[in-house]
Every structure is written in structure tokens, then in C-alpha cells.
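Engineer: predicted coordinates and the sequence they were generated for:
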Amino acid sequence: QVRLVESGGGSVQAGGSLKLSCPLIRYSRYCMGWFRQSPGTEREGVAVFDADGSTTYAASVKGRFTLSTVNQNTLSLQMNNLKPEDTAMYYCAARLCVTPPLDRDSYTYWGQGTQVTVSS
């Protein structure tokens, strides 16, 4: 059974950094990524791995966030130059790689989320 547990959220001031982590699913058919959701909004894709191993970022985070894997065990999201609009619950998720990478309905497995709060 797949269990995703995120870690690394917290509160920072604008301009600060946080690094989120989540266990990596070691099945080659699955691709992983990070989504976020703030109150009153839909859950949106932030950074995801495509089927060929490349990464896709939301326009709002491009150049500030970096998606990577660490030691083949951990999915990592490095978030730099954080802005108040980045405040949200962040979720780690996994999907079959053949499904659309930024479509939240593609994702089968979800963590419970970790809160990121950025103050101005």
C-alpha cells in the first residue's frame, strides 16, 4: 500500500526558503509531483515529473522552485524566494506516468499535506 507523508512545511517571511520532502514511489510506472491548495481555490499543480523524467512547473513558481529526487528515496521541492501568494497546503502525489502530468485527476495517491505560510 502506498503511503505518502509530506514534511518540511512551515512559516517564513517573504524572500525566505523552505524544502518539502515526500517518500519516492519506486515503481517505474508512476510519476510524482507537488500540488498546492489555498482556501477557496482549486488544487493546482506546482511542479511535476513528466513521463520522460523532465519537469514541468507552474508559471507562478518557475525559476523559484526546483523539483528533484534525493538518493532515489525522496521527492524534494526546494522553494526559494517565497512570496505571500505561495501560502497554501502543499501535497505530494503520484500518478501513472502515461496520464496528463498537471491534471490533478490523473493522480491516484495523495499525501495529507503540509502547510506553507509566507508572511509579507
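Structural biologist: Great, that's in hand.
Engineer: and residue 105, that's in a helix?
Structural biologist: Yes: the assignment for residue 105 is a helix, going by DSSP: H, G, I helix; E, B strand; the rest coil.
Engineer: mind listing what residue 29 touches?
Structural biologist: Residues near residue 29 by CB atoms under 8 Å, 6 or more residues apart in numbering: 96-98. All C-beta atoms are positioned from the backbone trio N, CA, C, and that covers glycine.
Engineer: roughly how far does the residue nearest to the spatial centre of the chain sit from residue 87?
Structural biologist: Nearest to the geometric centre of the chain sits residue 34, at 1.8 Å (CA atoms, centre = their mean). As judged by CB to CB, to the nearest Å, residue 34 and residue 87 stand 15 Å apart.
Engineer: repeat for residue 15
Structural biologist: On the measure of CB to CB, residue 15 and residue 87 end up 14 Å apart.
Engineer: more neighbours, these two?
Structural biologist: residue 87 (18 against 11; other CB atoms under 10 Å).
Engineer: run through the residues that contact the more buried one.
Structural biologist: 38, 116-118.
Engineer: of those, just the buried ones, ChimeraX syntax please.
Structural biologist: Selection of buried members from those for ChimeraX, criterion 16 or more other CB atoms under 10 Å:
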select :116,118
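Engineer: redo the contacts of residue 87 as CSV? Include pLDDT.
Structural biologist: What follows is the contacts of residue 87, written out as CSV (pLDDT from 0 to 100):
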residue, pLDDT
38, 96
116, 98
117, 98
118, 98
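Engineer: which one of the contacts of residue 87 sits closest to residue 49?
Structural biologist: In terms of CB to CB, no member of the contacts of residue 87 lies closer to residue 49 than residue 116, at 20.2 Å.
Engineer: looks like that closest one contacts residue 17 (just checking).
Structural biologist: No: using CB atoms under 8 Å, residue 116 is not in contact with residue 17; the gap is 10.9 Å.
Engineer: what about residue 74, how many neighbours?
Structural biologist: 13.
Engineer: how about it, what does it touch?
Structural biologist: 21-24 are the contacts of residue 74 under CB under 8 Å, 6+ apart.
Engineer: I'd say residue 10 and residue 16 touch.
Structural biologist: No: the criterion here is CB under 8 Å, and residue 10 misses it with residue 16 at 9.4 Å.
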